[in-house]
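> Got a predicted structure plus its sequence, pasted below:
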There are 2 protein chains.
Amino acid sequence: MNTSLDPRSATGVRVPTHWYNVIADLAGYVPQDRKPAQQLGKRGLRPQLPLSIYRQSVSDRPYIEIPTEIRAEYERWRPTPLVRARRLERLLGTPAKIYYKYEGASPSGSHKLNSAIPQAYYYKKAGVRELVTGTGAGQWGTALAMATHAYDLECTVYMVRCSYEQKPQRRTLMELNGARVLPSPSVTTEAGRSLLADDPDCAGSLSVASSEAHEYANEGDGVRYSAGSGDNHVLLHQTVIGQEALAQLAALGEHPDTVVAALGAGSNFAGLAMPFYKDSLETGRRTRLVAVEPKSCPKLTRGVYTWDHHDALGNTPMSKMYTLGHTFIPSPIHAGGLRYHGAAPAISWMYHEGIVDAVAYGQNEVFEAGVTFARAEQVIPAPESAHAIRHVIDRAVRARETGTAETILFNLSGHGLMDLGSYEKYLGGLLEDDSAAEAEVEQALGKLHRAAIA
Amino acid sequence: MNTSLDPRSATGVRVPTHWYNVIADLAGYVPQDRKPAQQLGKRGLRPQLPLSIYRQSVSDRPYIEIPTEIRAEYERWRPTPLVRARRLERLLGTPAKIYYKYEGASPSGSHKLNSAIPQAYYYKKAGVRELVTGTGAGQWGTALAMATHAYDLECTVYMVRCSYEQKPQRRTLMELNGARVLPSPSVTTEAGRSLLADDPDCAGSLSVASSEAHEYANEGDGVRYSAGSGDNHVLLHQTVIGQEALAQLAALGEHPDTVVAALGAGSNFAGLAMPFYKDSLETGRRTRLVAVEPKSCPKLTRGVYTWDHHDALGNTPMSKMYTLGHTFIPSPIHAGGLRYHGAAPAISWMYHEGIVDAVAYGQNEVFEAGVTFARAEQVIPAPESAHAIRHVIDRAVRARETGTAETILFNLSGHGLMDLGSYEKYLGGLLEDDSAAEAEVEQALGKLHRAAIA
């Protein structure tokens, strides 16, 4: 068994006092949205953000203070452990040092609670009665269910149908925390009904769930839509991860050459990576920032940098981002949290400018990495996190071949204890390969390019 | 959300340097076994314990030093958190203070790793190649799979059939850690085949799984049976829990009036309670020690104090203990870890002497308590641990009615993330009541009494 670092006594690192707002440091990037035509029609969206969160999302200050009440909540489980994966290193025979930040240690089992708590806090203060959201694998839905229950808000979650079926324990976990969970597409919204009319077996996607949740929010009294990723304020809240990791590594006399995290819309990636970007601005130290995505939903590595909506029906404003098209429904892979058609606008800009890198992997090679890690380190990674692990293992093997003593940090964004059904399928050789998924990506890209020409 | 104690900085408590051996302090108790008649026949059992563990199990010293290598392993996750359940207290409107020790924070998700690690360590040193065991809900099987994988031993687990079917994720988790998992009764042993011949739908029990594992151990080269509860050395290894809790509470200026833990065979209960018994001997402070068992398997509250075997077929030596009879197969309740016919001999003696108390609850009232706790504290308890919570809630409500400011400590021995299927059944009103189970207990007791007269 590996002897991990003791994050409790070794480093003395505390929970950050501020969130880091990368937008303030992106010279040349202008955060802006374009309103869709439908905004003027009967489906016009009401503003969803309370002023407190809106101000955060457009702030030009690099640091925003975390309210004392929220810090007290964070301190229930933060700082999360920083662990050196020594047994994995030995297994791979690599000179690379592999560290991971373990966000699975939160009460909800993932990093998502870092933003669910402040959102529930601010919405409650703004007099909201209920929050509604969309969730893929259920990590965000679980976090929001817990946070809303704690702040005495109601909670409705549209859960992408393929994940709803793959991970029934997730649904039970959300219901245990008082949330109402509906499979998406559902018959409860016009958006859902129109998609089901086209395809009664529709697997759903995060953009579909988002359309449904927005429609629900727009029609209920005292209901607001709460975003689990992509938006600036969500990226902001997650930066406690990277700030802690930077300090924990510094306390050990370490600094990473490479920082790796999976990317769905970007909250996990930004949460770990952005504080290292800030560090590079301040100290001149260069850290490679690598986002990892699935081959079945490769918005950064294959998508187009253009204006697009955030939801499947095009009711939300458009942002400039890397996208596969808001109507694209990715293959029902088991990393449901990564099945989103676009990357956060801020991260898209950074990728476009060459500040961050990206790489994509197939489903089976990702689960193979997850199993290798689980056996060595005795932590089952969520399939989303296993994407990061795949890249870390590949880098560590390359380091062995080239004799490079690279220091790698990755985000183990959530545990996979709700995903054991997917692991069982992998162990039984029953997971699909990516050929069909990649053909669907080609189709979506063809459609996007034709639209651009037209 | 509750603000829990920070176990990391608030108390400064370290992992204990010694295990506490309660046997040394039980004046009048003589640990002894009677060999069964079959020992002389063809199924005669080989000794299963290496000398190192055997010495621990018969030691008359109150403290046994924990080897440095094992302490280093413990330090990966120990001391486990001691948490005050403030939100639960508020919800109940009780003047009682409720603390819990959270053993679910271990890599295996329960207290079981506390004994799996030293056992794998000592067996490996003794040159053993493979360990075999029986498991109920799978908490022990998971811990042993992890520990054997880490010490490069093979592992075979006979998992009680009803749990094997209720908790498929548990099986996957053990297999992910390299163990071979078989449903018990199985066709791989004579014991299993004879039980299946009688009842092809046999739900299995811990005593049946134990019979199968003993047979497997007896017939393989370099294979030994590893016990997950009941035996003195297992009780011993678990005392890190209570020693830490005592010190963590002392650092807060607290001392519990009552200590509560679920009891299957007794490792969880002994692990928390025995150090408080030692404290009462040393300081004269009285702490009530309460074991909680299911109404469907009430060995302490309903059973007979007599000589009995530990396995269903009667191949193991007999010990004097509270038992429902070694052939008793409890109703397939969802707290599979408590479905064992007897209580550890040492705990049985203490119960007989009035040193420990016991109480029994039905399945639905236990799950109700588990849900109440999960919603308040955001930790899903294993159904076994929910037995303790049921009693704690009842005591806290009584404290409100009588105005008593009781301080209660209980062991949250494992998380229930693998048990969400059972919670879903409870939430859907699909869990059986205890009437059939209690009738089966009556029958078993009738059989035991008739045997005693004959």
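Noted; the coordinates are in hand.
> Chain B contacts on the stretch 51-200 of chain A?
Contact residues, the stretch 51-200 of chain A versus chain B (CB under 8 Å from any CB of the partner chain): A:72-73, A:75-76, A:107-109, A:117, A:146-147, A:149-151, A:168-169, A:172-173, A:175-178. From N, CA and C alone the C-beta is placed, and that goes for glycine too.
> Please enumerate the strands of the stretch 1-150 of chain A.
In the stretch 1-150 of chain A, strands defined by DSSP state E, counting those that start in this stretch lie at A:18-20, A:33-34, A:63-65, A:82-84, A:97-102, A:130-135, listed in chain order.
> Can you tell me which of the ones you listed is nearest to residue B:452?
Using CB to CB as the criterion, the shortest distance between residue B:452 and the strands of the stretch 1-150 of chain A is 54.5 Å, found for strand A:97-102.
> Take the helix or strand harbouring residue A:213, keep the C-alpha atoms, and write them as PDB.
Assigning secondary structure by DSSP states H and E places residue A:213 in helix A:206-219. Extracted in PDB, the C-alpha atoms of helix A:206-219 (Å, rounded to 0.1, in the frame of the first residue of the first chain):
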ATOM      1  CA  LEU A 206     -26.200  18.100 -20.900                       C
ATOM      2  CA  SER A 207     -27.400  20.700 -23.400                       C
ATOM      3  CA  VAL A 208     -30.900  19.000 -23.600                       C
ATOM      4  CA  ALA A 209     -31.100  18.900 -19.800                       C
ATOM      5  CA  SER A 210     -30.100  22.500 -19.700                       C
ATOM      6  CA  SER A 211     -32.900  23.400 -22.100                       C
ATOM      7  CA  GLU A 212     -35.400  21.600 -19.900                       C
ATOM      8  CA  ALA A 213     -34.100  23.200 -16.700                       C
ATOM      9  CA  HIS A 214     -34.200  26.700 -18.300                       C
ATOM     10  CA  GLU A 215     -37.800  26.200 -19.400                       C
ATOM     11  CA  TYR A 216     -38.800  24.900 -15.900                       C
ATOM     12  CA  ALA A 217     -37.000  27.900 -14.300                       C
ATOM     13  CA  ASN A 218     -38.700  30.300 -16.600                       C
ATOM     14  CA  GLU A 219     -42.200  29.100 -15.800                       C
END
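> Just the mean pLDDT for it, thanks.
Across helix A:206-219, the average pLDDT comes to 93.
> Could you give the separation of whichever helix or strand comes after that helix from the chain centroid?
Beyond helix A:206-219 in the direction of the C-terminus, DSSP H and E gives the next helix or strand as strand A:223-225. The chain centroid and the centroid of strand A:223-225 are separated by 20 Å under CA atoms, centre = their mean, to the nearest Å.
> Same check on stretch A:209-227?
20 Å.
> Just the buried residues of that stretch, please?
Of the residues in stretch A:209-227, those scored as buried under the neighbour-count criterion (16 or more other CB atoms under 10 Å in any protein chain shown) are A:209-218, A:223-227.
> which residues are in contact with the helix or strand bottoming out on mean pLDDT in chain A?
Among the helical and strand segments of chain A, the one scoring lowest on mean pLDDT, DSSP states H and E is strand A:33-34, with a mean of 82. Contact partners of strand A:33-34, identified using CB atoms under 8 Å, 6 or more residues apart in numbering or on different chains, comprise A:307, A:317, A:318, A:319.
> which neighbours does that strand have in its sheet, and in what orientation?
The strands beside strand A:33-34 in its sheet (DSSP bridges) come out as strand A:318-323 (antiparallel).
> and the partner strand with helix A:206-219, angle?
Interaxial angle of strand A:318-323 relative to helix A:206-219 (axes from the mean of the first three to the mean of the last three CA atoms, to 10 degrees): 160 degrees.
> which is the next helix or strand following strand A:318-323?
helix A:345-352.
> how about that next one: buried residues?
Buried, per 16+ other CB under 10 Å, within helix A:345-352: A:345, A:346, A:347, A:348, A:349, A:350, A:351.
> if we can go back for a sec, which ones among the residues of the stretch 51-200 of chain A next to chain B are found in helices?
Filtering those for membership in helices, criterion DSSP state H, returns A:72-73, A:117, A:146-147, A:149-150, A:168-169, A:172-173, A:175-176.
> Now which of these would you call buried?
The neighbour count (16+ other CB under 10 Å) marks A:73, A:117, A:146, A:147, A:149, A:150, A:168, A:169, A:172, A:173, A:175, A:176 as buried among those.
> Tabulate those residues (JSON lines), appending distance to residue B:280 and pLDDT.
Listed next are these as JSON lines, based on distance: CB to CB, whole Å; pLDDT from 0 to 100:
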{"residue": "A:73", "distance to residue B:280": "38", "pLDDT": "94"}
{"residue": "A:117", "distance to residue B:280": "42", "pLDDT": "98"}
{"residue": "A:146", "distance to residue B:280": "39", "pLDDT": "97"}
{"residue": "A:147", "distance to residue B:280": "42", "pLDDT": "97"}
{"residue": "A:149", "distance to residue B:280": "39", "pLDDT": "95"}
{"residue": "A:150", "distance to residue B:280": "38", "pLDDT": "93"}
{"residue": "A:168", "distance to residue B:280": "46", "pLDDT": "90"}
{"residue": "A:169", "distance to residue B:280": "42", "pLDDT": "92"}
{"residue": "A:172", "distance to residue B:280": "41", "pLDDT": "95"}
{"residue": "A:173", "distance to residue B:280": "40", "pLDDT": "96"}
{"residue": "A:175", "distance to residue B:280": "43", "pLDDT": "95"}
{"residue": "A:176", "distance to residue B:280": "38", "pLDDT": "94"}
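> Between which two of the residues you listed is the distance greatest?
A:73 and A:168 (28.7 Å).
> ok, now which ones touch residue A:126?
Under the criterion of CB under 8 Å, 6+ apart, the neighbours of residue A:126 are A:50, A:51, A:52.
> repeat that for 7 Å
When the contact criterion is CB atoms under 7 Å, 6 or more residues apart in numbering or on different chains, the partners of residue A:126 are A:50, A:52.
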